[in-house]
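*Asks:* What follows is a protein structure lacking sequence information:
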């Protein structure tokens, strides 16, 4: 099959650019219903132009003894030391939601478990872990401690072992969602009677700018629905401190994205929009790189 981008139902899109083959791979939450019922796995799609895609290709299918059977979310694929690693969110009855690491020899998979279960804390509700290798070569998992457990969702960093199989040390708090001016309390029937306001953190993604400055994209809810903001590390390392930009990078009913590269080296933003199922689709938007941040290219609507 060769579907167009607007024909692919997908949340939490992640684009892996493969300059050697002149291709792009698109990953994301691809089950038709990611909220309930049995999960199939993760699919990926292949393209040479970001418009027409080959697929779906089965990137991950759980074995019969895999611990999670539902709610497979937000796969990211990173090349690290000659292998490809998928960071994805899983849950199961009697278990807390967490990020597990999978691995494969080829970027499209098939992926199989690499870490022994989640590498996020076993007694925390966590999601959306991403890999960041700091300038000193140390790998870190950056993830969200979910609002369902702590009300004001937080972003934390967890050091990983050099082979990415285990966590090392304890998580380091980076920031809470409410620190961003644009992040507003969640307004939903399920939280309106709670004693505390609820702030969401979703989808952290770190990016080193050409200047050497380090930024992080992350998502929450703003004045116009699901949105994505930018935080800047004052130290240039994953440990921050992290300063929130006052206005979101993307403010209207879309988010959980990342920064990808065109084959020509230019940058583009990926995100899903709208935020309601089953209508969510991946959209791409050109970015302009500044010294300390990125901004949308106002003269372009596509990658």
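*Replies:* Yes, it's here. As the structure is a computational prediction, the values presented were derived from the model and not from experiment.
*Asks:* And the helices in the stretch 51-200 of the chain, which stretches?
*Replies:* 147-150 (DSSP state H, counting those that start in this stretch).
*Asks:* residue boundaries of the strands in it?
*Replies:* Ranges of strands in the stretch 51-200 of the chain, per DSSP state E, counting those that start in this stretch, are 54-60, 70-80, 83-91, 98-104, 112-113, 126-133, 139-145, 154-159, 172-176.
*Asks:* Direction included, what does the third one pair against?
*Replies:* With DSSP bridges as the test, strand 83-91 is paired with strand 70-80 (antiparallel), strand 98-104 (antiparallel).
*Asks:* Next: the fifth one.
*Replies:* In the sheet containing strand 112-113, its partner strands are strand 98-104 (antiparallel), by DSSP bridges.
*Asks:* before we move on, the earlier item: as TSV, the strands of the stretch 51-200 of the chain with mean neighbour count, mean pLDDT and distance to residue 187 would be great.
*Replies:* C-beta: built from backbone N, CA, C; applies to glycine. Output for these, formatted as TSV (neighbours: other CB atoms under 10 Å; pLDDT from 0 to 100; distance: least, CB to CB, whole Å):
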stretch	mean neighbour count	mean pLDDT	distance to residue 187
strand 54-60	19	97	34
strand 70-80	20	98	22
strand 83-91	23	98	24
strand 98-104	22	98	27
strand 112-113	16	98	38
strand 126-133	24	98	21
strand 139-145	25	98	20
strand 154-159	22	98	20
strand 172-176	18	98	18
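*Asks:* Now tabulate those strands in a markdown table and tack on distance to residue 35.
*Replies:* Compiled in a markdown table, those are given as follows (distance: least, CB to CB, whole Å):
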| stretch | distance to residue 35 |
| --- | --- |
| strand 54-60 | 19 |
| strand 70-80 | 7 |
| strand 83-91 | 11 |
| strand 98-104 | 18 |
| strand 112-113 | 23 |
| strand 126-133 | 13 |
| strand 139-145 | 17 |
| strand 154-159 | 23 |
| strand 172-176 | 25 |
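*Asks:* mind listing what's buried in the helix or strand of the chain with the lowest mean pLDDT?
*Replies:* Lowest mean confidence among the helices and strands of the chain (mean pLDDT, DSSP states H and E): helix 147-150, at a mean of 94. Within helix 147-150, the residues scored as buried using 16 or more other CB atoms under 10 Å are 147, 150.
*Asks:* got a list of contacts for it?
*Replies:* Applying CB atoms under 8 Å, 6 or more residues apart in numbering, the contact partners of helix 147-150 are 124-125, 153, 177, 186, 198-201.
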